[in-house]
Structure formats: structure tokens, C-alpha cells
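In: Provide a 3D model corresponding to the input given below.
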Amino acid sequence: MAGMIPPASVTGTLKYEWKQYDGTVRDLTRDTSPTLFIPAGSAGMGLTGVEILEDKLPASAGSYVKHINILPRTLEIPIVLNKPSFNSLLLTSEDLHEWFDTGDEAAKRPGTLIVTRPDDTERHIKGYYKGGLEGDLSEGSPTWYKYVISLHCPDPAPTEPEDTVLLKTVAQAVDFDMINQGRLPAFPIWKITGPFTNVDVLNVTSGVGFSLIVTLTAGQYIIVDSRPSELRQNVSVYDQTGANRFPVVFPASVFFP
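Out: Alright, predicted model coming up:
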């Protein structure tokens, strides 16, 4: 009787890891984990779906778009287990149950899928286990099995693991480039440290900016957090004591992405 051969990996130099909610990182790359790995063919890594809300034009054919919503991402991740015995295969399957145990009704504790690209840059996306480890009735080999784990990702945009930080002196800050390497708008957090009197910040690409009418001494600073309110914990403008300093913002200022 012919044996069943697990699918070959064609992931190239991509590296896959799963970071549990407690910080434990599990290697899922075939080159370094040949008995437990993610092969090529993962679904949901590309462009996310969108929801379009529209109303019919009242006096003619067609419709007009009222709203476009970028949907959460669903990832379908195949994981191959290739073990020397049925017992070790069973034990590894039970390990997977623990690794992807994010289903806590009382606490939100997603895991993170980490994909390292050939240029060593990383992309992280948080996900909640949705299904795939329940088991099925199909007949398989006693020493290998392939699961397809479904992850629900409320934030569909993979991100780098670290924030990009630029430090500029007063002279350097007169004119400098700040490049967004991603595909979605990024909202900067400005930390402006004294001594200074009044500050003007202009985005020369879009032509918008903001001004602060304030005097700070050495060691004092102001934070301008341009992120939307749902992404920040504090008020949008505050100083080193945490006090709200929004009144120092000049009218008609724009906190640009």
C-alpha cells in the first residue's frame, strides 16, 4: 500500500511564527521546524474584502455609494504535522489546541501571526482562533495530518512590530522627509520638546498642518497625538504632566496623517 506524502513547502525564504497571547513564540517554518510547519497556500493574505452600502438612484438606473467599509480579515492557515508515530502526532495535535486557545469569553486575548519576508522585515497581524482544530471524519496517515486553521482578524492591516521613530533637532526639523512604508494612512505622534516658543508643522505634500501657540522651557514637552480617538487613550494634545493642552492649538489646524 502506498504511503501518503505530506505536501512540500514552497514558501521560499518566508518565515512563519505564531505568538501566543502570553508571549510564547512558536516556530512554524519548514526550514527550522520540518515536523510542524505552514506550507504555501494560505488564504486571506492578500487584499481584504469591502462592504459597500448604496442606495438606488431615484429617477434613473444605477445607484450611488453611501459608505465603504473595510471588513475584518479571515485567514485560512494550513499547518502540516509530520511525526514518526501516531502517538507523537496525537500529542502535537493537542499542543496545537493550546497554542491557538484564544476562545475566552471573559477576556480578549488574541494571538499574533508573524511573517518574516526575505528582506528580514516583519509583518504582524493579531487573530482569534475561529475553527479548524475540531477534527473531521476523513481518513489520513498515522504519521502526518494537515489542519486548516481559521483566524478572525478584527484589524485587517498587518503591521510592523515596532513603531517608526524619527528624532530631529531644531535645525534638522526645518525640512525633512517622513515616509509611510505601508499601504494605509499612518497617523504620527509628535513629541515636541522645549525650549521653544510657538511651533508650526506643515505637510508640504498635502499643504495642511498645525500650529501651537505656547512657550516651553528646557525639559518640558508637548505631545500631539494625531491618531483617531478610538486608537488613543489620552486627549490629542497634552504635556509631560498629562494635562490637556488642546487650547494651545491654533484654530484651523489640521492633524494630518
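In: Does residue 148 lie in a helix or a strand, and which?
Out: Assigned by DSSP states H and E, residue 148 belongs to strand 144-153.
In: So what are the sheet partners of that strand and their directions?
Out: Sheet partners assigned to strand 144-153 using DSSP bridges are listed as strand 73-82 (antiparallel), strand 122-131 (antiparallel).
In: Mind checking the pLDDT average for the last one?
Out: Spelled out, it's strand 122-131. The average of the pLDDT scores along strand 122-131 is 91.
In: got it, and the first one?
Out: With pLDDT averaged residue by residue, strand 73-82 scores 89.
In: The closest residue to residue 125 other than its chain neighbours: how many residues sit nearby?
Out: Ranked by C-beta to C-beta, 6 or more residues apart in numbering and with sequence neighbours excluded, the top spatial neighbour of residue 125 is residue 158, at 4.3 Å. Glycine gets a C-beta too; all of them are placed from N, C-alpha and C. Using other C-beta atoms under 10 Å, residue 158 has 19 neighbouring residues.
In: Repeat that for residue 199.
Out: Residue 199, neighbours per other C-beta under 10 Å, totals 20.
In: does it sit in a helix, a strand or a coil?
Out: What DSSP: H, G, I helix; E, B strand; the rest coil gives for residue 199 is strand.
In: element containing the nearest residue to it once chain neighbours are set aside, please.
Out: Using C-beta to C-beta, 6+ apart and skipping residues adjacent in sequence, the residue nearest residue 199 is residue 212, 4.6 Å away. Using DSSP H and E, residue 212 falls within strand 209-216.
In: average pLDDT across the following helix or strand past that strand?
Out: Next along the chain after strand 209-216, taking DSSP H and E as the criterion, comes strand 221-225. In this model, strand 221-225 has an average pLDDT of 95.
In: got a list of what the residue nearest to residue 210 when sequence neighbours are not counted touches?
Out: The shortest distance from residue 210 to any non-neighbouring residue, by C-beta to C-beta, 6+ apart, is to residue 253 (3.4 Å). The neighbours of residue 253, taking C-beta atoms under 8 Å, 6 or more residues apart in numbering as the test, are 209-211.
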